[in-house]
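[1] Quick one, what's the 3D model for this:
(chains A and B)
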Number of protein chains: 2
Amino acid sequence: MIRKEIDELFKVLREAQEKHAAFTHAMGILQYDQETVAPEESGEGRGKTMGLLGGLDYEVMSDEALRKAVDTLLAAKSDLTEDELREVELLHKNIKQLSAIPQDEYVDFIVLVDEAQVAWRKAKNGNDFSIFAPYLEKIVETNRKFAGYYNKELKPYDALINQFEEGMNMEILNEFFQKLSDGLRPLLEKISQVQQVEDGFLRKTYPALDQKAFSYEVMDIMGLDRKRTILGETEHPFTENFNNKDVRITTHYYENALESSLYSVLHEGGHAMYELNVQDKYNWTVFSGGVSMGIHESQSRFYENIIGRSFEFTKVLLESAKKHFPEQLKEVSHEMFWKAVNKAEPSLIRTEADELTYAFHVMVRYEIEKKLIDGSLQVKDVPEVWNSMYEKYLGVRPSKDSEGCLQDSHWSGGDLGYFPTYALGSAYGAQMLHTMEKDMPDMWKSVEKGDLSPVTAWLKEHIHKFGSYYKPKEVFENACGKFDAQHFVDYLTEKYTKIYGL
Amino acid sequence: MIRKEIDELFKVLREAQEKHAAFTHAMGILQYDQETVAPEESGEGRGKTMGLLGGLDYEVMSDEALRKAVDTLLAAKSDLTEDELREVELLHKNIKQLSAIPQDEYVDFIVLVDEAQVAWRKAKNGNDFSIFAPYLEKIVETNRKFAGYYNKELKPYDALINQFEEGMNMEILNEFFQKLSDGLRPLLEKISQVQQVEDGFLRKTYPALDQKAFSYEVMDIMGLDRKRTILGETEHPFTENFNNKDVRITTHYYENALESSLYSVLHEGGHAMYELNVQDKYNWTVFSGGVSMGIHESQSRFYENIIGRSFEFTKVLLESAKKHFPEQLKEVSHEMFWKAVNKAEPSLIRTEADELTYAFHVMVRYEIEKKLIDGSLQVKDVPEVWNSMYEKYLGVRPSKDSEGCLQDSHWSGGDLGYFPTYALGSAYGAQMLHTMEKDMPDMWKSVEKGDLSPVTAWLKEHIHKFGSYYKPKEVFENACGKFDAQHFVDYLTEKYTKIYGL
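    Numbers count the residues shown, from 1 in each chain, chains lettered A, B, ... in the order given. Below is the predicted model:
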């Protein structure tokens, strides 16, 4: 195929990608608005608008001219540059995936999810699972149906997992979780037999307004560009990004838990850092944004835990915190602070779990999702099963659903198959650290001084800048070699042995 | 035409109106997001998305099938119900207006305005008119061109005025402002010769957070439904509405000016009340939302001034304020408070001007806009002319443009011809009060008890519920008879005579 012809076809591709970016941008802002400020009764109007925009987006991506252009280019593979080929292939995959779902079902799902978010918030606030249950039923049912559309060859739940982490499946995950469980249970057991660390000072009163000022300082220390990143407040913290110049993170201030918002900011800030560092040229293309949920979580948990809860960086954080809370923290030493924010203890809320018990929270969700999708668990039985599994895995039992199966917004957001990526992300991150330490033996000296620029530069160079150009497995292996969960088990074992003097 | 045929054509109309509502909703949210929280560098992405949505909206409204349906229905007038005919006629007018502007120019203007808002904010913050000037030049030029598209028969500035207040023109306005000037100047003169009222207590420190809590209480006293209305914070207060279940008002807290945010909340709350009370059935139709800027301002200024600064209601406001600011207000009596919030004194900032001098602020903008549009004033000369006119009309001269011609966001929002409606609104409101007092001789007794429900019920019944069904002149005259600015002059004369003991 001649160059001129290729360029013409690429114009069609680019226009579609720009339109798709604009529709997802508008829908994303509507959703962000809903999560942050929209009035309670605004749902009907937003549902209509989301439905229309979702429908138009669908039309763009399933347009016959676009499909033809993609097919023609794919048939002329050998005439394309490597970048062009990747763009065509990824677009082809996305189109196939999207157009696999009938338009009316796609639009209905957008509207369903919008309503489900409202119902979930009501259910959580009122601690009443029955408000959310009918929506969850529809979401499970739709996901099961969509799984078949995505990939008939795979088991339904595997097809869903693949939406978030290409190449992942239950076989790998079952083994992965088994390895974590085997490696970490004995550690948790040992900790339960020694003196628990002291974290009472974190329960003093930390006014929300001061926490807010502290959060901005933490963002600055992280090196987040505040001209491109805003911090909002929501029930459940999240990151939303539209392009590499417009990223939003949110947090939730609990006045008697200093560490809660602090580590939300570091976590969401890690997601934001990934998005901000994607190359400019990928904006409004299929390569924009992080490549997968697992890789994304590796970044958020890297800043939250591997850096944020390290001995070196907790020194920097405490110094900053003392400026905002001189009274509350005046008798707190660096070592006390470091130990307190690393306290390992089975608990109810995933987002506030420590690094060690975190994987068990994910396991509960993973097991429940598998069963919801294969039909062996009914939605109405979720609260009971959830509570029993918490007792089994973590030894604690929620006394109300708002602290149990209603705590997270993922299901109301329509996402099943997402949770496992949280645990994967932690394990990816530990292996990245392993590689990073070999590349930069002095990295912790910079971190200790509050300078994260070498760390961020490494992540940008090896992970961030590629956006979605490489597949998750490619980008990870290019940076760190073959994935091995043992790095994560080793990392935690070394860390907690020190903290608890085991 | 047979009923079935009419119904078929109306389906086309309704679908277009719903799509139009969805696009303006999405664009409105993007704009609201920009005004409230969006990161500084988010402009490029938003510009692209706004451009696309604006273009699609344009396509919907200029669609050939829609135009044909409208024309066919217009040709069969006598077969339509009165409601149907009004819907077709209003839609016909809107389509004509919109399709008068070539699509590329329409889209360019949306993008221009988005960028201009960012430039204006920078210019105002940095007190540097030159940052905003090139955008204002383009906005003036575009408005002049659009005026010709809207209506070639009218003088350009009259065509612009008609966008905001159908039926209004410079001839009527010149006379109107003359009447106000003649009636109010002697009053202002007299006030300048007697003892000024004491308002020093309003300059104490009123923490923003406490003002926020007070604002929510004021919203509750007003009877604003907070499930359908949110309060945000912006540089310049405004109201944005998407349908009668999703209205947003904003305010700005100045810690040393209690009255500033209080009266912004009452003002924007008045706009919101109008929108919230439009009948449900008008949502997503051409009848949704208030009918004109003048009628809208009559509502905002009714709640802000006529109610909000009345002797009766200031009693209620002070009682509420004392709960939030017991220390600052402990020695303030009802009479002191009433007089302080009605202090008449020439000043620089329009939004903080008293009822009496307010019209003069509008006059400055009116005169400048007329000259910008007829070409007798260059943008670069705006600051100097602005300052001189303030000296002439009000006897005060801004020392910097951020307190002068950069103070308002209307021009950066692309709107010329809007300002006069502010003064008109006040005059409409005074005549509404006149009628209301005749209909409900006891109304002030309810107001004094903090019960605005009879006032709101009257406004809902005579103004709000109709949305855009009636033209501005119709809705006003149905409620109050022929418009006469003398009511406003009388109202102010009586009020200020009491306050200043003239």
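[2] Looking at the stretch 401-502 of chain A, which residue is nearest chain B?
    Nearest residue of the stretch 401-502 of chain A to chain B (C-beta to the nearest C-beta) works out as A:Gly467 at 15.0 Å. From N, CA and C alone the C-beta is placed, and that goes for glycine too.
[3] How far does the top helix by length along chain A sit from its chain's centre?
    Across chain A, the longest stretch assigned as helix under DSSP state H is helix A:3-36. When distances are taken as C-alpha atoms, centre = their mean, to the nearest Å, helix A:3-36 is centred 22 Å away from the chain's centroid.
[4] relative orientation of that helix and helix B:3-36 in degrees?
    Orientation of helix A:3-36 against helix B:3-36 (axes from the mean of the first three to the mean of the last three C-alpha atoms, to 10 degrees) gives an angle of 80 degrees.
[5] Name the residues of helix A:3-36 that are buried.
    Using 16 or more other C-beta atoms under 10 Å in any protein chain shown as the test for burial, helix A:3-36 gives A:6, A:9-10, A:12-13, A:16-36.
[6] Burial check on the residue of the stretch 401-502 of chain A closest to chain B, number of neighbours?
    Around A:Gly467 there are 24 other residues, counting by other C-beta atoms under 10 Å in any protein chain shown.
[7] Can you pull the phi/psi pair for the residue most central in space within chain A?
    When chain A is reduced to its mean C-alpha position, the nearest residue by C-alpha atoms, centre = their mean turns out to be A:Glu297, at 4.8 Å. A:Glu297 adopts backbone torsions of phi -70, psi -30, taken as degrees, to the nearest 10.
[8] so it makes contact with A:Gly425?
    Yes. Between A:Glu297 and A:Gly425 there is a contact at 2.4 Å, judged by C-beta atoms under 8 Å.
[9] And whichever strand or helix holds A:Thr456, what does it pack against?
    For A:Thr456, the element it lies in under DSSP states H and E is helix A:453-462. When contacts are defined as 3 or more C-beta pairs under 8 Å, 6 or more residues apart in numbering or on different chains; DSSP states H and E, helix A:453-462 packs onto helix A:258-276, helix A:420-439, helix A:443-448, helix A:472-480.
[10] Could I get those in JSON lines, plus columns for distance to chain B and mean neighbour count?
    JSON lines is the format used below for the helices and strands packed on helix A:453-462 (distance: least, C-beta to the nearest C-beta, whole Å; neighbours: other C-beta atoms under 10 Å in any protein chain shown):
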{"stretch": "helix A:258-276", "distance to chain B": "10", "mean neighbour count": "26"}
{"stretch": "helix A:420-439", "distance to chain B": "25", "mean neighbour count": "22"}
{"stretch": "helix A:443-448", "distance to chain B": "26", "mean neighbour count": "16"}
{"stretch": "helix A:472-480", "distance to chain B": "24", "mean neighbour count": "19"}
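[11] Can you lay out those helices as JSON lines showing mean pLDDT?
    Output for these, formatted as JSON lines (pLDDT from 0 to 100):
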{"stretch": "helix A:258-276", "mean pLDDT": "97"}
{"stretch": "helix A:420-439", "mean pLDDT": "97"}
{"stretch": "helix A:443-448", "mean pLDDT": "98"}
{"stretch": "helix A:472-480", "mean pLDDT": "97"}
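[12] okay if I get those helices as JSON lines plus distance to B:Val113?
    Below are the helices and strands packed on helix A:453-462 laid out as JSON lines (distance: least, C-beta to C-beta, whole Å):
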{"stretch": "helix A:258-276", "distance to B:Val113": "27"}
{"stretch": "helix A:420-439", "distance to B:Val113": "41"}
{"stretch": "helix A:443-448", "distance to B:Val113": "45"}
{"stretch": "helix A:472-480", "distance to B:Val113": "40"}
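[13] closest to A:Lys152 out of these?
    Nearest to A:Lys152 among these is helix A:420-439 (21.6 Å), distances taken as C-beta to C-beta.
[14] Report all helices and strands that that closest one contacts.
    Using 3+ C-beta pairs under 8 Å, 6+ apart, the elements in contact with helix A:420-439 are helix A:170-193, helix A:293-301, helix A:355-374, helix A:453-462, helix A:472-480, helix A:486-500.
[15] what's the model's confidence in the first one, averaged?
    To tie it back to what came earlier, the one meant is helix A:170-193. The average of the pLDDT scores along helix A:170-193 is 93.
[16] Brilliant, that's me finished.
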